[in-house]
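Build me a model from this:
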Amino acid sequence: MAFRLIPRDEGFFPLFEQAADMANDCAHRLLGILHSVPPTEAEVTAICLCSGL
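Numbering: from 1, shown residues only. Below you'll find the model as predicted:
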């Protein structure tokens, strides 16, 4: 069986893009928390919801 770098299933790409968008959103929210001292409860709640905690 040959190794394939790109999956055959076309459903993979939308899921990959969705995961990348979520990671980007979480990273921006985390950056906002790191720049606000102390972080607000709303910011902490937002990052917890974004990251699935």
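
So which residues make contact with the worst-scoring helix or strand of the chain on mean pLDDT?
Across the helices and strands of the chain, mean confidence by mean pLDDT, DSSP states H and E is lowest for helix 41-51: a mean of 85. With C-beta atoms under 8 Å, 6 or more residues apart in numbering as the test, helix 41-51 has contacts from 22, 25, 26, 29, 30, 32, 33, 36. For the C-beta atoms, the positions are set from N, CA and C on the backbone; glycine is no exception.

Would you mind listing the two of those that lie farthest apart?
With distance counted by C-beta to C-beta, no two of the contacts of helix 41-51 lie farther apart than 22 and 36, which are 21.6 Å apart.

Just want to know which of those two has more residues nearby.
Legend: neighbour count by other C-beta atoms under 10 Å for residue 22 and residue 36, higher for residue 22 (13 against 10).

residue contacts, that one?
Residue 22 sits next to residue 50 when contact means C-beta under 8 Å, 6+ apart.

just to revisit the earlier point, buried ones in the least confident helix or strand of the chain, by neighbour count?
Applying a neighbour-count criterion of 16 or more other C-beta atoms under 10 Å, one finds 43, 46, 47, 50 buried in helix 41-51.
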